[in-house]
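Novice: here is my input, please return the structure:
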Amino acid sequence: MNPDTNLPRLLRRRQTSSDTSKRRQSQVYSFVYPNRTIHNIETPDCNFRRFSPDGNYLVAFTRNLSGLQVYRVQRASTSSAGTGDKSKGFSEFFRLAWARDYVGVGESLHREVCLVTDNGYLILARLRRTGIASTFNNSGQQASRAVYPNTLSCVNAVEDMTLLVVELGTGNIVDTREYPNDIIYLGGHNGLSLYQDRLCVVSLKYQCVRLMKIDTGRLVDIQEIGWYTRQDDGIYEEELRIRELRCQRKRRAETARLAELSPAAKRQRRLEAALMLASTAADAEPGALGSREQTPFIFPFSPSVQTLLGHPPSGTISPSMATAPLQATAVSAETMDAARRISVLHLQTLQRFPPHYRMMVTRTMQQGRGEADGSLASLEPSLAIAPLSGLKQRLLATLFLRARESVAGTQHFYRTYQLYEWLVVWRVQFLTSSTLLMRFVPVQTAISRSHTQHNLSANLANSFSLLAEYDIETTRFGNIWDTSDLALAQEVETRMDMFRAPMVGVSPSLANDVYLREAFMASQAGIRQTRSGGPVQAARKAAALLPVAPQTLQTSPYLDPVVFKCSTRMRQGIERFRVTQSAPIKFYDRATGALRFVLAPGNDGDGLAVGDDAGQQKSGAHYLFHPTLPLVLSTQHELSSIAVPVSNIHYWDPND
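Specialist: Numbers count the residues shown, from 1 in each chain. Here you go, the predicted structure:
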């Protein structure tokens, strides 16, 4: 007899064998599964959100999103649950641990934000209309609101967000962090990332990534990556600002002292300064110039240079201006027209310029680009006139260093430079405690209002974006992929375990599950063969999975394709906490092909099929699977009415 189809022999082999693989551990669930259902039980007035990763607690939001109700899981099977007393069915499995409100007047909790840390803390989000003072007692601090030049002005916050750190066992608020007048995408945890005790918050408005550490429940600021890339960049910039102020005061004092001199003395001092600088340059490079070649010099405050410095940004300085002879008069109209013509030079000619001058010319060319980029510049002026942030400078520098390895790559970089420069940070994910995976998208995609979970993949598949690995310690980018790169689809297929790290419990993925990989390859093949598809669209569809939001997939051995076979569409909806069809879900044993159990939330009894009129009702079901126990909580919602949702408990009955 095959031990995989006999429970006693399977348990005996599991006890004596040293095999601790995932396959061996999950085989026992093919014999222990929810085979009984209590329909239409009386549940508290709340919306069940999720089980904790350890399976000890069930977290639920109140109907009005004012607080939480947390229940402790008592058991996965009971002998008295099937007696017909539906009022006591819920209390047989769950016991109320605590219930508490966390909002004041004009406030509410975000219905989708519910993260659980490894050390037993809940992370929630409280929303408040902008301009309304909070009536709830806040014990935390307000996040820094330093406005840098890269702040997006095209988006305005409607609600102020506050992060709450709540102790899971007691419900006490340990710490809070306020983010007023900020844009953070909370739907599907897109603007958050959690890795062990590290928390990442992505600010779209301020274009920064805030890194924090949850130390005994307290939010400790680690670093803010955006305008700065290192922790001491702000201190260094402040030191330079102080030096500049001292230099300015010294110059003003020198100017005031020179103003008292006679015109002849002023001319003498100006001539002495010019001769001194010329002799210094000749001594520094004695063989740089020929003996007959004179070193040109332009006094920094001469009328010609002042005219050039005061010229509007529609043109640029000529590359030969630094070696041109000194002009005593102002710049003529012909010179100004020549400067304007440089602003429309072909990008290939920029390769002959020095690197620092190349960046200057490219920056100036954006001002006179014309109607093609006028709409984007008017939408977000900071992308066209503001200096580059430290994070974006690192990105562009990495792209340039890789592009200059070949002539074709360099030409492509200059042709598409503005496209890369106008990308903004949208989503970030922890890969390790010191590595981030960032997605850069155009500003139109970032501020779009269609970022719902239903059409998010479709929007990303039709837009240009970059995925980049960023090292926090070295402040350098590693791998950078265009979302249309075919190599990225291969990375998703082979390295999905790394992108989903850390994984909790039984977590099948494309890299460790052959059935999910076959479904993924079939989906990719279907996209390639469609008329509007192709390899590029297939790669972008695969890249839409990244970055992976934290704790958006519920894990259960009954959702493992290696153990049980069920509808792929239904399983994907259940894994993502979505409302699926209320039709019964059949689970087949993968090894034998036998029908093991059926989840039918629309029945009034323990039958395995729904009524004839049940399929005509517009209703959906929401399933919560326990991480390890054979326990499932389902809720049926009538989408066409305001009826109270119907809850059911599916459990394991050893006597059945």
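Novice: in this structure residue 98 contacts residue 172, no?
Specialist: No: with contact defined as Cβ atoms under 8 Å, residue 98 does not reach residue 172; the gap is 9.1 Å. In short, each C-beta sits where N, CA and C put it, glycine included.
Novice: more neighbours: which of the two?
Specialist: Neighbours were tallied for residue 98 and for residue 172 using other Cβ atoms under 10 Å; the higher tally belongs to residue 98 (17 against 11).
Novice: which one is the more buried one nearest to, not counting chain neighbours?
Specialist: residue 171 (4.1 Å; Cβ to Cβ, 6 or more residues apart in numbering).
Novice: from residue 96, how far out is residue 90?
Specialist: 10 Å (Cβ to Cβ, to the nearest Å).
Novice: right, I mislabeled it, should have said residue 167
Specialist: In terms of Cβ to Cβ, residue 167 sits 16 Å off from residue 96.
Novice: go on, residue 651?
Specialist: Distance from residue 651 to residue 96, by Cβ to Cβ: 19 Å.
Novice: hmm, back to that, need the residues touching each of residue 90 and residue 96.
Specialist: Taking Cβ atoms under 8 Å, 6 or more residues apart in numbering as the criterion, residue 90 and residue 96 both touch residue 44.
Novice: those two: which has the busier surroundings?
Specialist: Neighbours per residue, other Cβ under 10 Å: of residue 90 and residue 96, the larger number sits with residue 90, 19 against 13.
Novice: I figured the more buried one hits residue 46, correct?
Specialist: No: contact status for residue 90 versus residue 46: not in contact, 11.1 Å apart, counting by Cβ under 8 Å.
Novice: quick check: mean pLDDT of stretch 623-632?
Specialist: What stretch 623-632 shows for mean pLDDT is 91.
Novice: ugh, wrong one, stretch 437-448
Specialist: Per-residue scores along stretch 437-448 average to 87.
Novice: in that stretch, what's buried?
Specialist: 437, 438, 439, 440, 441, 442, 443, 445, 446, 447 (16 or more other Cβ atoms under 10 Å).
Novice: so who does the last one touch?
Specialist: Think residue 447. 152, 154, 155, 204.
Novice: tell me which two in the residues you listed are the farthest apart.
Specialist: For the contacts of residue 447, with distances taken as Cβ to Cβ, the pair at the greatest spread is 154 and 204 (10.4 Å).
Novice: residue 115 - how many residues pack around it?
Specialist: 22.
Novice: meant to ask about residue 402
Specialist: Using other Cβ under 10 Å, residue 402 has 13 other residues around it.
Novice: remind me which helix or strand it belongs to.
Specialist: Counting by DSSP states H and E, the element that carries residue 402 is helix 390-403.
Novice: and the next helix or strand past that helix?
Specialist: Next element after helix 390-403 (DSSP H and E): helix 407-415.
Novice: what residues of that following helix count as buried?
Specialist: Those would be 410, 413, 414, for helix 407-415 by 16+ other Cβ under 10 Å.
Novice: got it, and stretch 391-409?
Specialist: 391, 392, 394, 395, 396, 398, 399, 400, 403.
Novice: also stretch 56-71?
Specialist: Buried, per 16+ other Cβ under 10 Å, within stretch 56-71: 56-62, 65, 67-71.
Novice: take the residues you listed and lay them out in JSON lines including pLDDT and secondary structure.
Specialist: Listed next are the buried residues of stretch 56-71 as JSON lines, based on pLDDT from 0 to 100; DSSP: H, G, I helix; E, B strand; the rest coil:
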{"residue": "56", "pLDDT": "91", "secondary structure": "coil"}
{"residue": "57", "pLDDT": "94", "secondary structure": "strand"}
{"residue": "58", "pLDDT": "94", "secondary structure": "strand"}
{"residue": "59", "pLDDT": "95", "secondary structure": "strand"}
{"residue": "60", "pLDDT": "94", "secondary structure": "strand"}
{"residue": "61", "pLDDT": "94", "secondary structure": "strand"}
{"residue": "62", "pLDDT": "93", "secondary structure": "strand"}
{"residue": "65", "pLDDT": "91", "secondary structure": "coil"}
{"residue": "67", "pLDDT": "93", "secondary structure": "strand"}
{"residue": "68", "pLDDT": "94", "secondary structure": "strand"}
{"residue": "69", "pLDDT": "94", "secondary structure": "strand"}
{"residue": "70", "pLDDT": "95", "secondary structure": "strand"}
{"residue": "71", "pLDDT": "95", "secondary structure": "strand"}
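Novice: good, we can wrap up now.
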